[in-house]
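A structural model of the following input is requested.
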Amino acid sequence: MPRLYVLVLSGGAGTRLWPLSRRERPKQFLDLLGDRTLLQDTVDRVSETVPAERIFVVAPPEHRALIHEQLPELRSDHLVVEPYPRGNAAAVGLAMAALAAFDPEAVVAVLPSDHVVEKRAELRKVLIAATTAAERGHLVTLGITPTAPDTGFGYIEAGDKLDVEGPVEVRAVKRFVEKPKRDQAERMVAAGGHYWNAGMFVWRVEEVLRAYGEHLPATAKAIDALRDAIGSPRYESVLGEVWEETDRTTIDYGIIEKASNVAVVPAEIGWHDIGSWARLAELVQKTDNWASGDQVAEDAHGNYVWAPGKTVALIGVEGLVVVDTPDALLVTSKERSGDVKTVVDRLRREERDDLL
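Next comes the predicted model:
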């Protein structure tokens with residue numbers, strides 16, 4: 001795949017994994033599953049297909065040092081810095097300006113930095129098929145086969161199979177359904193042909209830039225100005241001038257759900273989104289109770305404990321998540337662990353910046 005590049009998205013605050021995930025070190029920079037962080041693992045798995053000189057990262061300025069610390073092989077000019085958050089459509093557009101200047105013929109796989117992919121060989125097959133479709137002018141999204149009628153994901157309804165040769169089939173996209181209600185999700189899963197939208201995309205740079213021009217013209221105008229300024233002393237001043245003019249939206253809402261040339265590649269890649277402590281527990285909890293250190297459990301079942309360096313005693317409790325950090329302690333049920341964001345929101349309203 002000589003024209004395939006990778007753009008890793010490393011924004012976001014990871015608030016659902018508070019108190020371990022913080023503003024200064026969100027979840028993609030944490031080694032939650034082993035010795036490598038989620039960011040490092042994302043780069044590791046694509047490095048088997050794409051050489052280091054074709055890997056880019058987009059991130060906010062406060063994480064610049066962390067990224068270079070964790071990815072020392074990343075070229076300094078391949079880290080694209082977004083001045084401040086405006087939604088990932090702007091961040092992706094900024095990176096597309098850099099990639100277009102680097103190689104206008106590039107095909108780019110856009111991958112979040114905080115996902116887990118267990119089947120790397122299958123990912124390679126999916127990327128081969130997606131690259132072929134992208135070279136034919138499609139904006140390609142990777143679709144995850146649902147394992148349950150989860151209402152926390154957006155869904156993609158696949159249409160007809162496209163005439164694209166590859167190790168995995170490519171299908172037209174019929175429609176997108178954003179976070180359906182439970183009964184609708186159940187019907188879609190039962191019907192088949194519906195996939196979770198995991199926010200992973202593959203496209204030709206020039207094709208997605210054309211889509212920006214059609215669907216997000218304000219952002220497209222900013223991209224054009226930046227593209228002309230890349231590599232010159234005026235780049236930073238141009239970025240400062242045009243960034244506020246970009247559309248504050250996501251790539252899904254802004255482009256993918258509006259474009260007519262969108263395709264989906266079913267991706268059986270062992271994908272997981274660590275969107276809560278309960279989801280993380282599902283991945284690591286191979287025993288009745290799981291703890292990061294020593295544990296003593298008496299009549300306790302199904303608990304997850306993160307408390308490095310401590311012995312944790314569990315007595316008569318079930319289905320708990322306990323996360324201990326130097327300045328904060330979280331205790332919640334697994335069923336309510338997705339509500340951790342509400343605590344973060346409250347701390348923000350109370351201006352408890354020391355805990356964010």
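
Let me see the confidence value for residue 189.
On pLDDT, residue 189 comes in at 89.

right, and residue 230 touches residue 95 too?
No. Counting by Cβ atoms under 8 Å, residue 230 sits too far from residue 95 to count as a contact (11.2 Å). (Glycine included, C-beta is placed from N, CA and C.)

Which one's more surrounded, those two?
Just comparing residue 230 and residue 95: by other Cβ atoms under 10 Å the higher neighbour count belongs to residue 95, 27 against 17.

State the helix or strand in which the more buried one lies.
Secondary structure from DSSP states H and E places residue 95 in helix 88-102.

List the buried residues of that helix.
By 16 or more other Cβ atoms under 10 Å, the buried positions in helix 88-102 come out as 88-100, 102.

between the residues you listed, which is nearest residue 292?
residue 88 (31.3 Å; Cβ to Cβ).

isn't that closest one right up against residue 247?
No. Residue 88 lies out of contact with residue 247 (Cβ under 8 Å); the separation is 11.1 Å.

For the helix holding residue 95, name the packing helices and strands.
In terms of contacts (3 or more Cβ pairs under 8 Å, 6 or more residues apart in numbering; DSSP states H and E), helix 88-102 is packed against strand 4-9, strand 55-59, strand 79-81, strand 107-112, helix 205-215, helix 217-229, helix 251.

residue ranges with poor pLDDT in the protein?
The model of the chain has pLDDT under 70 over residues 1-2.

Of all residues in it, which one is nearest the centre?
residue 112 (2.6 Å; Cα atoms, centre = their mean).

Quick check: beta-bridge partners of it?
residue 9 (DSSP bridges).

quick one: contacts for it?
By Cβ atoms under 8 Å, 6 or more residues apart in numbering, residue 112 lies in contact with 8, 9, 42, 198, 199, 200.

how much space between it and residue 275?
11 Å (Cβ to Cβ, to the nearest Å).

Would you confirm that residue 196 belongs to a helix?
No. Remark: residue 196 does not belong to a helix; assigned using DSSP: H, G, I helix; E, B strand; the rest coil, it is strand.

Could you give the number of residues near it?
21.

what is it paired to in the beta sheet?
Going by DSSP bridges, residue 196 forms beta bridges with residue 144, residue 155.

Now do the helices in this structure.
38-47, 64-70, 88-102, 120-135, 182-191, 205-215, 217-229, 235-242, 251, 277-284, 340-349 (DSSP state H).

Tell me which of the ones you listed lies nearest to residue 263.
Once those are compared by Cβ to Cβ, helix 120-135 is nearest, at 5.1 Å.

list the helices and strands that closest one packs on?
Using 3+ Cβ pairs under 8 Å, 6+ apart, the elements in contact with helix 120-135 are helix 38-47, strand 107-112, strand 139-144, strand 194-204, strand 262-266.

could I get these as JSON lines with distance to residue 293?
Below are the helices and strands packed on helix 120-135 laid out as JSON lines (distance: least, Cβ to Cβ, whole Å):
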{"stretch": "helix 38-47", "distance to residue 293": "21"}
{"stretch": "strand 107-112", "distance to residue 293": "30"}
{"stretch": "strand 139-144", "distance to residue 293": "33"}
{"stretch": "strand 194-204", "distance to residue 293": "32"}
{"stretch": "strand 262-266", "distance to residue 293": "40"}
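
Would you point to the one among those that's packed deepest?
A comparison of the helices and strands packed on helix 120-135 by mean neighbour count, using mean count of other Cβ atoms under 10 Å, puts strand 139-144 on top with a mean of 26.

report the angle between the axes of it and strand 262-266?
Put simply, strand 139-144 runs at 30 degrees to strand 262-266, going by axes from the mean of the first three to the mean of the last three Cα atoms, to 10 degrees.

tell me how far strand 139-144 is from the chain's mean position?
Put simply, strand 139-144 sits 13 Å off its chain's centre (Cα atoms, centre = their mean, to the nearest Å).

Show residues contacting it.
Under Cβ under 8 Å, 6+ apart, the answer for strand 139-144 is 126, 130, 133-134, 156, 158, 170, 173, 195-198, 200-203, 207-208, 211, 255-256, 259, 261-267, 269, 271.

quick one on the thing from earlier: mind putting the helices of the chain in JSON lines, distance to residue 164 included?
Below are these laid out as JSON lines (distance: least, Cβ to Cβ, whole Å):
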{"stretch": "helix 38-47", "distance to residue 164": "21"}
{"stretch": "helix 64-70", "distance to residue 164": "34"}
{"stretch": "helix 88-102", "distance to residue 164": "23"}
{"stretch": "helix 120-135", "distance to residue 164": "5"}
{"stretch": "helix 182-191", "distance to residue 164": "24"}
{"stretch": "helix 205-215", "distance to residue 164": "15"}
{"stretch": "helix 217-229", "distance to residue 164": "27"}
{"stretch": "helix 235-242", "distance to residue 164": "36"}
{"stretch": "helix 251", "distance to residue 164": "22"}
{"stretch": "helix 277-284", "distance to residue 164": "32"}
{"stretch": "helix 340-349", "distance to residue 164": "39"}
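
of the ones you listed, which approaches residue 58 most closely?
Among those, the nearest to residue 58 by Cβ to Cβ is helix 88-102 (4.4 Å).

now that closest one against helix 205-215, angle please.
140 degrees.

Return the distance of helix 88-102 from the chain's centre.
Offset of helix 88-102 from its chain centre (Cα atoms, centre = their mean): 16 Å.
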